[in-house]
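Peer 1: give me coordinates for this.
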Amino acid sequence: MSRRIEQATSGSLLSSGALNQGLLLLEQIGQTTNIGVLQGFAAVCHLVLNTCQSASSNKEEATALAQDCGALAMAVVSQVEENRDEIAADTELLDQISKLCLELEAVHVELQNLFKRQSSFTWLVKHSQDELKLQRLQRDIKHSIDLFSLQSSIRLQKNIARSETVDAARKTRILDEIKQVCQSVMDEIKAGKKIPEAPTKAMASGPVLPRVPRHFFGREESVDAVVTTVISPTPGRVAILGAAGIGKTSIASMMLFDSRVVQCFGAHRYLISCDAAAGKDDLLTSIAGPLGLQGDKIQKKILDALGDPEHRKVIVLDNFESPWESNPSSKKEVEGFLTALCSLDSVAVVITLRGAERPAGVQWSRPFLPQIGPLDVPSARKAFLALSDCLEDDPWIDPLLAAIDYVPLAIALMANLAETDSTELLLSRWQEEHSALLHRTPDRRSSLDTSIGISLNSPRMKAVPEALTLLSLISLLPDGVDNSQLAAIFPNIPKYRRAVSTLYQCAMAYHDGHNRTRVLSPIRAHMMLYHQSDTVRRVSVLTYYMGLAGLSSDLGGPHGQDIVKRLTPEIGNLHSIVNLTLGSTEESGALLRGAIAAAINLSKFIRYTRLGSLVTLQLASVVADKLQDQTLRADVLYHLAWVLTGNADGENERFCREALAIYEQTGNLNGQAECNWLLGQIYKGSKRQKECRGLYEKGLALAKEGQNAYCQAKCLSCLSEIMFYAGDAKTSESLSEEALELFREQEHLTNIGMTLSFLGKVAVSRNDHATANARYDEAAKVLARAGASAQVGRILVSKGDQAFSRCQYSAAREDYLKAVNLYTETGFLQTGPGAFAQLSVGTAAAYLHNHSEAIHWLDTAWRTMDKTNFTAYGHLHCEIIYGDLALYKEKYEDAEPFYRRALRAAESLGFVEEEAQCRVKLGTLGVARGRPWMGLPHLVVAAAAQRRNKDVKGLSQTLVRLGRCFGAEGDRRAAQLMYRTAYPVCRKIEGLRDASDCLVGLGHEEEGKALYERTLL
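Peer 2: Next up is the predicted model:
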């Protein structure tokens, strides 16, 4: 119908007076029968109509909405009038009117908000937005009309079939109010005439179609698969399966509007809503009405009409679970009709069905369409942004969508709420209110709780009571459950296999392809809110997962890799269960202590893998305090401080000192040793190296007294590092060897690997690259066995650094890329080590003069560093390389700001080595710009700092730059002195580019150029 015809029709209904008379009649019946819902419905209709008619903006949409509201009102008046003598007993009709009343009240509230007085500017800004809201309201009311009419038609036919003796006058009144499409047939029934056979081709003249989804993202592959099957020469038989609110109807609708389907079937496309059908008879009625069929032998007429070979047809039976499940006694009859329908060669049949089970008796097209899952992240984001007014850079959108598991219905409802609440507030409300937040009306398409409730109350679920029990327990587990462990986790559910199968069939759970059974977040939220598991059944789940957390205590040992593989898929479950136990007021002291121990073990897993949440350990601290167990509290504080090491807010030091005080008070030597070692680590991270040595030495003494070999080894390793950076490589190596022996006795693979790696670094410092490579390779193998992926990545970076220091930039780049790939695979890329691996790739690319690649990796590293605790330090190094890239392209004006920002950062942060490096860069820039007198002071200051810090490599590089500087000033004698001094050092440390500069400066140009070319290989 065109817009002009719609307006003409709306005018006739709204201005005829029939609507007002109908509503007045409804009020009178309500007063006479003392049924308040009738009076309330009439009143709210008046409110909606008056609000629409008084609209000062969007008048066209408001008029269309008023017309649909009027049509809905007349449908209700018609039904009430025909049943007025028995209206009080017709509870089904009154319930439907009550639901409609609630929906219209919600419409009226929204209309009031839309049409309240606004400034001209506000109206201009919101005009388009209000238009969309009005169109949405109109769509909802049209849906209510369709559903009410269908339910009324089904109810009417049931009543007529059951009633053989009806008053003749009442027959006439009923017939006068029935829809025009059924009026002639009903007149003949009441007049006692023989009903003529309806022609088999008396079908609707046009397609019976849903409204095309306005926003549709991420289901293109599913739609294409259904379309391809449906239009194939062999008529398609497709079941679109999935959970509540997952988007099954939208896929079917998009298929019907696909150009290939339109071309193939033309007007013979039908979508039949089966919502109100409670068996085979209701299903036949649902199909017959939209197809324009009537009379007796309705199944034969449907099959004859659809089986007409003159035209190919496609029919979608939407929400097929309603007739198939509602009445177990008629299930086989429904399957029999579906089988008969699918036997027609001229009809392609598609059903949408909640669950994972296809009705029997039909040869479904292969390959089967996979069960529909949640949207992918980009599509979910697009859908939310299209349905809401949120900005694309809103930082709370992604966590909000993740919280609702990217379920389409949940996304649509959440986007609607985003019109009034911020996404940050919605995320907070979801965590507090769960699925109740997404409840608008009792309709399954507008309320997540209603939709899920329908599935939970299905006959299939009720037939297996264990299914609901199992669902309530799996809902505690955000990562789902390992199917091979079901018996161990749920020993009190003997029929767990049948229960799991039922959950799959009803789409309350799904198989994720990795042998795990999972439940979508909205369903889990619903279960937590309305169907919480009882304490007795929950205990077995708690004890299983807290025992699993105990594996973390062996991380770093020979089985570390296997432990990481076992725990990683369960990390969300572990935190969820331990948090649940710690937050319970009913659990015993023993169970709470077990939960605290589990929280400590999980903190070890966090340190080891960077996976997990600190919230669990923080909850454990509160519970330990309430239990008044000082030793337990000190243990929690110590591990909390360790996990927080690297944070700059000082909380880690405070926790560590509090734990140390308790250990000193209780005389716990091992605890004191560990705290002194950890304080040394905290001080090292905050650049208080002078205080570190004393803490490590004190920790070492306490560990020896307490016979704690593990802590002794840790302290020795740290002292070794201090001695190395103090220039005493020999003592450093001796201490590391002593620590390595102790770690080997403990079989602590992680620390063995890290100590080997450090010994490789010591070997590099004395230019023993063969030994260094051997140490690095052994370290990587040991760490891989331990499952310490992050540390393996650091080994790869160290190997790259070794190659880089020898000007083997291509080899260095390869090692850096391996580290980046490893961090990506293991989820560590968005950490500090991951950021510096990206920076290293960019640096190597810059030295290979690959400008575009260098810029890409530097930009990536910069963004990653923004998410870590190394932002300032990391940005400093990025600025230096950005400056180098500008210098290489002779963009001197661009290079200088980068170097100066880096210098200011190094000075403020106290990084002496980086400060000298920045001064060398500024000195080099001065020479390149032909202003050696400006570069000379920077180079002299840098050389002095490097001499003080015994930075031989850095000093040799600075001497080369000084040679250039003196040469540019014409002081050839001073220049050659610098080159001769630097050259042997550069050759020894294999600094080939600097050695090349020395050769050129000393007059050996060909040899120098050849040496430089080697660095580009």
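Peer 1: look up how far Gln112 lies from Ser54.
Peer 2: Counting by Cβ to Cβ, to the nearest Å, the gap from Ser54 to Gln112 is 11 Å. Every C-beta, even on glycine, is put in place using the N, C-alpha and C of the backbone.
Peer 1: swap in Ser553?
Peer 2: 61 Å.
Peer 1: quick one: the helices in the stretch 401-550 of the chain, in order.
Peer 2: Taking DSSP state H, counting those that start in this stretch as the test, the helices found in the stretch 401-550 of the chain are 408-417, 423-433, 448-456, 459-463, 465-474, 486-489, 496-505, 521-530, 535-549.
Peer 1: go on, the stretch 751-900 of the chain?
Peer 2: With DSSP H, counting those that start in this stretch as the criterion, the stretch 751-900 of the chain has helices at 769-786, 789-805, 809-826, 832-847, 851-865, 871-888, 892-909.
Peer 1: can you tell me the element Leu353 falls in?
Peer 2: In the assignment (DSSP states H and E), Leu353 maps to strand 347-354.
Peer 1: quick check: mean pLDDT across that strand?
Peer 2: Strand 347-354 shows an average pLDDT of 90 in the prediction.
Peer 1: for stretch 366-375, same thing?
Peer 2: Stretch 366-375 comes out at a mean pLDDT of 84.
Peer 1: could you shift the numbering so residue one becomes 35, and keep it that way?
Peer 2: Yep, numbering from 35; the last one is stretch 400-409 now.
Peer 1: contacts for that stretch, please.
Peer 2: Under the contact criterion Cβ atoms under 8 Å, 6 or more residues apart in numbering, stretch 400-409 has outside partners 251-253, 256, 259-260, 263, 272-277, 280-282, 285, 390, 392, 414, 417, 439-442, 445, 541, 544, 554.
Peer 1: quick one: that stretch to chain centroid distance?
Peer 2: On the basis of Cα atoms, centre = their mean, to the nearest Å, the separation between the geometric centre of stretch 400-409 and that of its chain is 20 Å.
Peer 1: can I get the CA coordinates of that stretch in CSV?
Peer 2: Extracted in CSV, the C-alpha atoms of stretch 400-409 (Å, rounded to 0.1, in the frame of the first residue of the first chain):
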residue,chain,number,x,y,z
ARG,A,400,22.7,-31.3,3.4
PRO,A,401,25.0,-30.0,4.5
PHE,A,402,23.0,-29.0,7.5
LEU,A,403,23.0,-25.3,8.4
PRO,A,404,25.1,-24.9,11.5
GLN,A,405,23.4,-23.8,14.7
ILE,A,406,23.3,-20.0,14.8
GLY,A,407,25.6,-18.6,17.4
PRO,A,408,26.3,-15.0,18.7
LEU,A,409,27.5,-12.3,16.4
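Peer 1: re the thing from before, which other helices and strands contact the strand holding Leu387?
Peer 2: helix 254-264, strand 271-276, helix 282-291, strand 347-352, helix 355-360, helix 365-376 (3 or more Cβ pairs under 8 Å, 6 or more residues apart in numbering; DSSP states H and E).
Peer 1: one step back: deepest-packed of the helices of the stretch 785-934 of the chain, please.
Peer 2: helix 866-881 (a mean of 25; mean count of other Cβ atoms under 10 Å).
Peer 1: who does that one touch, helix- and strand-wise?
Peer 2: helix 823-839, helix 843-860, helix 885-899, helix 905-922.
Peer 1: so where is the stretch 485-634 of the chain shaky, pLDDT-wise?
Peer 2: Scanning the stretch 485-634 of the chain for pLDDT under 70 picks out the ranges 485, 488-489, 492, 541, 546-547, 555, 619-622.
Peer 1: switch to 80 and redo it
Peer 2: Along the stretch 485-634 of the chain, the model assigns pLDDT under 80 to residues 485-494, 539-542, 544-548, 554-560, 563-564, 568-571, 587, 589-595, 618-624.
Peer 1: related to what we said a few turns ago, would you reformat the helices and strands packed on helix 866-881 as JSON lines and include distance to Val816?
Peer 2: Formatted as JSON lines, the helices and strands packed on helix 866-881 follow (distance: least, Cβ to Cβ, whole Å):
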{"stretch": "helix 823-839", "distance to Val816": "9"}
{"stretch": "helix 843-860", "distance to Val816": "16"}
{"stretch": "helix 885-899", "distance to Val816": "28"}
{"stretch": "helix 905-922", "distance to Val816": "28"}
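Peer 1: mind checking which of those helices is nearest Thr67?
Peer 2: helix 885-899 (68.9 Å; Cβ to Cβ).
Peer 1: quick one: that closest one to helix 866-881, angle?
Peer 2: Counting by axes from the mean of the first three to the mean of the last three Cα atoms, to 10 degrees, helix 885-899 lies at 160 degrees to helix 866-881.
Peer 1: quick one: contacts of helix 885-899?
Peer 2: With Cβ under 8 Å, 6+ apart, helix 885-899 has contacts from 863-864, 866, 868-870, 872-873, 875-877, 879-880, 905, 908-909, 912, 915-916, 919, 922-923.
Peer 1: so for the one helix or strand Tyr744 maps to, what gets flagged as buried?
Peer 2: If you go by DSSP H and E, Tyr744 is part of helix 743-759. By neighbour count with 16 or more other Cβ atoms under 10 Å, helix 743-759 contains the buried residues 743-758.
Peer 1: count the residues that sit near the closest residue to Asp410 other than its chain neighbours.
Peer 2: With Cβ to Cβ, 6 or more residues apart in numbering as the criterion, Asp410 has its nearest non-adjacent residue at 5.5 Å, and that residue is Gly252. For Gly252, the neighbour count with other Cβ atoms under 10 Å is 19.
Peer 1: coming back round to it: so which of the helices of the stretch 435-584 of the chain is nearest Ile306?
Peer 2: Using Cβ to Cβ, these put helix 482-490 closest to Ile306, at 18.5 Å.
Peer 1: returning to that earlier point: compare the helices and strands packed on helix 866-881 and give me the one nearest Gln73.
Peer 2: Comparing the helices and strands packed on helix 866-881 by Cβ to Cβ, helix 885-899 comes nearest, at 62.3 Å.
Peer 1: per-residue confidence at the most centrally placed residue in the chain?
Peer 2: Taking Cα atoms, centre = their mean, the centroid of the chain lies closest to Ala436, which sits 3.2 Å from it. Reading off the confidence values, Ala436 has pLDDT 84.
Peer 1: ok, now how distant is it from Ala444?
Peer 2: Ala436 is 11 Å from Ala444, by Cβ to Cβ.
Peer 1: got it, and His548?
Peer 2: Distance of His548 to Ala444, given as Cβ to Cβ: 23 Å.
Peer 1: those two: which has the busier surroundings?
Peer 2: Set His548 next to Ala444 and count neighbours by other Cβ under 10 Å: Ala444 wins out with 29 against 10.
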